[in-house]
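Engineer: Compute the structure for the input listed below.
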Amino acid sequence: MSIMFHDGNRQLQDRFDSRRIADRLEEKLTRTAFTADDKATIESCAYFFIATADAGGRPDCSFKGGAPGFVRVTGEAELAFPDYDGNGMFKSLGNLLVNDHVGLLFIALHDKPKRLRVNGSARVVHDDPLLGETVGAQLIVRVRARAIFPNCPRYIPEMQMTGPSMYTPQPQCEPPEPKWKAFDDFKDYVPPRHPAFRG
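Structural biologist: Numbers count the residues shown, from 1 in each chain. This is a model prediction of the structure:
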């Protein structure tokens with residue numbers, strides 16, 4: 001039984017005669033527990049992409065960023081990340097409340113580029129112990145991995161990280177508000193910043 005492929009994948013694999021390599025990649029690279037290298041990759045990333053879907057299966061993809069280490073591997077098959085102040089739409093986390101399936105893509109640009117995917121199920125936690133030790137977190141998301149697999153990094157462009165976003169939460173430092181919150185169309189509708197963001 002494959003934990004990676006369904007009938008749609010198989011149709012295209014059979015059309016392009018790639019079922020054998022797909023099965024071999026799953027056999028050799030796909031896992032259900034994080035390795036030490038997976039942990040190092042994930043915890044070194046300053047951002048990742050998250051794919052979710054609502055109850056009707058309509059997809060959404062979002063960027064999540066923070067200081068390296070803002071995503072933590074918290075167990076053999078579990079990771080956790082904070083939800084920081086955003087635009088208040090809660091597209092990703094709202095989807096997780098009605099459909100817990102999630103796909104994460106980590107791209108590491110250090111010594112040599114790496115891509116790591118984590119598919120699984122997620123839960124949004126209001127009273128997680130990590131809230132007290134994560135500056136700026138208003139919620140914590142815990143992901144239970146179903147499939148962990150590296151991707152070939154060949155199409156990652158050459159890029160250089162010059163530093164964290166000035167909006168990244170830091171201890172004893174209140175991040176600035178983004179300019180859009182002061183635009184005439186929005187300023188009267190923006191809720192007060194969550195207390196977690198006050199240091």
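
Engineer: Might you report the residue contacts of residue 147?
Structural biologist: 3, 4, 30, 31, 32, 117, 118, 119, 120 (CB atoms under 8 Å, 6 or more residues apart in numbering). Quick note: C-beta positions are derived from backbone N, CA and C, even for glycine.

Engineer: send the alpha carbons of the strand or helix carrying it over as CSV?
Structural biologist: Here residue 147 is covered by strand 139-151, with elements defined by DSSP states H and E. C-alpha atoms of strand 139-151 as CSV (Å, rounded to 0.1, in the frame of the first residue of the first chain):
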residue,chain,number,x,y,z
LEU,A,139,-1.9,30.1,18.6
ILE,A,140,0.1,27.0,18.0
VAL,A,141,-0.4,24.5,15.2
ARG,A,142,0.7,20.9,15.7
VAL,A,143,1.1,18.7,12.7
ARG,A,144,1.2,14.9,12.8
ALA,A,145,3.2,13.7,9.8
ARG,A,146,1.7,11.0,7.6
ALA,A,147,4.5,11.2,4.9
ILE,A,148,7.8,13.0,5.1
PHE,A,149,9.8,13.1,1.9
PRO,A,150,12.6,15.2,0.3
ASN,A,151,12.3,16.6,-3.2
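
Engineer: what's the offset of it from the middle of its chain?
Structural biologist: Chain-centre distance of strand 139-151: 8 Å, with CA atoms, centre = their mean, to the nearest Å.

Engineer: contacting residues around stretch 25-39?
Structural biologist: Residues contacting stretch 25-39 (CB under 8 Å, 6+ apart): 2-5, 42, 73, 76-77, 79, 116, 145-150.

Engineer: So for that stretch, first residue to last residue, what's the gap.
Structural biologist: For stretch 25-39, the first and last residues are 20 Å from each other (CA to CA, to the nearest Å).

Engineer: tell me the mean pLDDT over it?
Structural biologist: Across stretch 25-39, the average pLDDT comes to 97.

Engineer: Okay, buried residues for that stretch please.
Structural biologist: Using 16 or more other CB atoms under 10 Å as the test for burial, stretch 25-39 gives 25, 26, 30, 31, 34, 38.

Engineer: Please tell me how far the fourth one sits from residue 42.
Structural biologist: If you measure residue 31 against residue 42 using CB to CB, to the nearest Å, the figure is 13 Å.
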